[in-house]
Every structure is written in C-alpha cells, then in structure tokens.
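> Turn this into a model:
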Amino acid sequence: MSEHLTVVDHPLVQHKLTLMRDKGTSTASFRQLLREITLLLAYEITREMPLTTRAIETPMEEMEAPILAGKKLALVSILRAGNGMLDGVLELVPSARVGFVGLYRDEETLKPVQYYFKVPEGLDDRLVIVVDPMLATGNSSAAAVDLLKKAGANDIRFLCLLAAPEGVARMKEAHPDVHIVTAALDRELNSKGYIMPGLGDAGDRMFGTK
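Next up, the predicted model:
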C-alpha cells in the first residue's frame with residue numbers, strides 16, 4: 001500500500017476476482033461478479049467521506065447521529081467498460097450523481113481524443129469517483145481526470161478492478177493527488193497494451209462483444 005495506491009486484499013474481493021479472470025466464466029456471471037466486487041471496492045474508496053451529525057429520535061431517546069456531510073458524491077464512468085461498475089457503487093450510494101467521459105485513442109498520435117463529456121454540476125463541492133475496470137497504460141484515465149479537473153473537480157479518486165504498474169506510474173506522474181483503489185496490481189502490460197495476467201478485454205467480457 002502507498003499514499004497513491006490501495007490494493008484491496010479482502011478474501012471476498014480476491015475470490016470474486018479469480019472467478020472473473022477465468023476465461024470459462026460466462027458473460028452473465030462476469031457482469032454479476034463485477035457488480036459485486038465493485039460494491040466491495042466502493043466500500044473501501046468511500047471510507048474517508050466526511051461526516052457531520054444530525055439530531056434524530058431513536059425509539060429510546062434523542063441523539064446526535066452521524067450522517068454524510070456536503071453534496072452527494074459524483075460517480076464518473078469512462079465509457080464503455082466503466083458502465084459495468086456503476087451498479088455496484090450505486091447500490092452502496094444510491095443518491096450519487098452520475099457522469100460519463102468518452103475517449104478513444106487516435107491511431108496516429110496514440111493520444112486520447114474526447115468524444116463525449118457529460119458530468120454533474122458543482123464538481124468542486126463533490127467527492128468524484130472515476131470508474132474504469134482496467135488501469136492499463138493510464139493514458140485515457142489521466143486524460144479523463146484532466147477533463148474533470150478542468151470542470152472544477154478537486155477531490156478525485158480512481159476505482160478500478162485491475163491495475164498495471166505502468167498505469168499506476170502514469171497516473172502518479174500526471175495526477176499525484178488522485179488516490180487509486182484496485183483489487184489487484186498485475187505484473188505488466190503486453191506489447192498490445194493488455195494487462196498480464198489480466199482478464200482480457202473487460203468491455204467485451206461484460207457485454208458479450210468481440
């Protein structure tokens with residue numbers, strides 16, 4: 001663990017991740033496991049959300065009870081694979097606002113190009129959690145965070161299923177203030193930019209496309 005990266009080694013997270021890595025796991029099971037594992041990871045990434053108190057009455061007496069402070073958090077999906085992680089977080093925080101960032105890689109420059117950007121208002125007053133199953137090269141993730149910072153976000157965390165050392169390093173270089181929470185830090189990227197040993201293309205496995 002470091003200030004920049006948290007690997008969630010909870011037994012349930014690791015068990016579900018192994019099932020997701022298995023190439024024999026069906027699309028339906030993969031999708032369900034992703035929802036479950038995201039919920040567990042979301043528990044970790046929201047650990048330090050600020051609290052205030054509110055006066056309530058229990059059946060026994062009045063008390064000052066803890067309650068979340070400030071505006072609802074914003075959940076931002078990096079299209080398309082990030083959408084598979086939305087349900088897990090929303091199950092835990094159903095009132096979260098949701099935004100979307102669409103990026104593709106220019107084949108000549110290899111740089112991310114924005115094609116869609118729609119996010120909630122008031123990002124400067126919200127905790128912003130960016131979701132994408134894979135942190136591979138880190139280029140699209142860093143570009144997405146760039147866009148969110150330009151939109152006013154100043155408290156950003158990144159939630160992913162798998163991370164490669166190259167992606168973690170790229171994010172740390174570009175955005176040292178953005179904490180990453182993941183289920184596993186894998187060995188490396190291959191020549192095509194896939195995480196090894198990884199689980200293949202998360203979007204294809206989630207949506208049943210090739």
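
> which is the next helix or strand following the longest helix belonging to the chain?
Among the segments of the chain that qualify as a helix by DSSP state H, the longest is helix 27-45. Elements were assigned by DSSP states H and E; along the chain past helix 27-45, the next helix or strand is strand 51-57.

> Enumerate every residue touching the residue nearest to Leu90 when sequence neighbours are not counted.
Taking C-beta to C-beta, 6 or more residues apart in numbering as the measure, Leu90 lies nearest to Ala96, with 6.1 Å between them; neighbours along the chain are not counted. The C-beta positions use only the backbone N, C-alpha and C, and glycine is treated the same way. For Ala96, the residues meeting the contact criterion (C-beta atoms under 8 Å, 6 or more residues apart in numbering) are 72-75, 89-90, 129.

> Could you rerun that using 10 Å?
By C-beta atoms under 10 Å, 6 or more residues apart in numbering, the contact set of Ala96 is 42, 46, 72-76, 86, 89-90, 120, 126-127, 129.

> For it, give its distance to Ala74.
7 Å (C-beta to C-beta, to the nearest Å).

> Most neighbours among the contacts of Ala96, which one?
Counting neighbours by other C-beta atoms under 10 Å, Val76 comes out on top of those with 31 neighbours.

> host element of that one?
When elements are assigned from DSSP H and E, Val76 belongs to strand 74-78.

> and for Ala96 and Ala74, which residues touch both?
In the contact map built from C-beta under 10 Å, 6+ apart, the residues linked to both Ala96 and Ala74 are 120, 126-127, 129.
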